[in-house]
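**Q** got a predicted structure here, sequence first:
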Amino acid sequence: MAGGTFQVTATTWLTWNCTTNSTTTSCSDNTWTTWSGTTAATNTASNTVTWHCAEISAAEQKRIDQANIKRDEKLKEIAEQRKVAKQKAERLLKRHLTKEQEDQYEDEKTFHVISENGHRYEVDCQKRSENVYKLDKRGRRIMRYCIHARSDIPLPDNALAQKLMLEHNEKEFLRVANSWSVSA
């Protein structure tokens, strides 16, 4: 890849080079140079920064291309593994659902659970957290709960863990979960 020159206006540079949170904006004049070590910059009078990119040898470019191919292959492999894990998790979840729960799951990706103490909950299987709701007698959401298993497991496994905990240890579920009331 040949070296070259490109220009960045001051506005673009500030966008690239500043971080903002809810209260402050902080900028650093050396962020790009530190990150890119192989560039040099000159500031022109027109408030435009011109970058002079270092040349990359053919061998180095080939190494970069091979590394990118290897990375892409690994990402495809991981995506396939996650797809298979989700399919297995979904089959396991369905084996633990009643016919009514399975119908709800198929239609809405949610299902209702009756706890060991007779309370009715709804589990939203499309989200990992903040996805369990306590329902009143008319089926309206009155409380929301955030409790979940590890973040690297498939969503159906997370929903199954929540279902089993509600059915077999509601007291511990309520102790561990973050909760808040749902406004009408």
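**A** Thanks, I have it.

**Q** so where do the strands sit in the protein?
**A** 4-9, 18-20, 25-27, 39-43, 48-53, 110-114, 120-124, 132-135, 141-146, 178-181 (DSSP state E).

**Q** I'd like the average pLDDT over the first one.
**A** Averaged over strand 4-9, pLDDT sits at 51.

**Q** repeat for the third one
**A** If you average the pLDDT over strand 25-27, you get 48.

**Q** which residues does the residue nearest in space to the middle of the chain contact?
**A** Closest to where the C-alpha atoms of the chain average out (Cα atoms, centre = their mean) is residue 151, at 9.1 Å. Shown in contact with residue 151 (Cβ atoms under 8 Å, 6 or more residues apart in numbering): residue 128. In this view, the C-beta of every residue, glycine as well, is placed from N, C-alpha and C.

**Q** for it, grab phi and psi.
**A** Main-chain torsions, residue 151, degrees, to the nearest 10: phi -80, psi -10.

**Q** per-residue pLDDT, it?
**A** Residue 151 carries a pLDDT value of 84.

**Q** how far away is it from residue 158?
**A** 9 Å (Cβ to Cβ, to the nearest Å).

**Q** grab the nearest non-local neighbour of residue 170.
**A** Once flanking residues are discounted, residue 170 sits nearest to residue 115: 4.2 Å by Cβ to Cβ, 6 or more residues apart in numbering.

**Q** neighbours of that neighbour, just the number please.
**A** 19 (other Cβ atoms under 10 Å).
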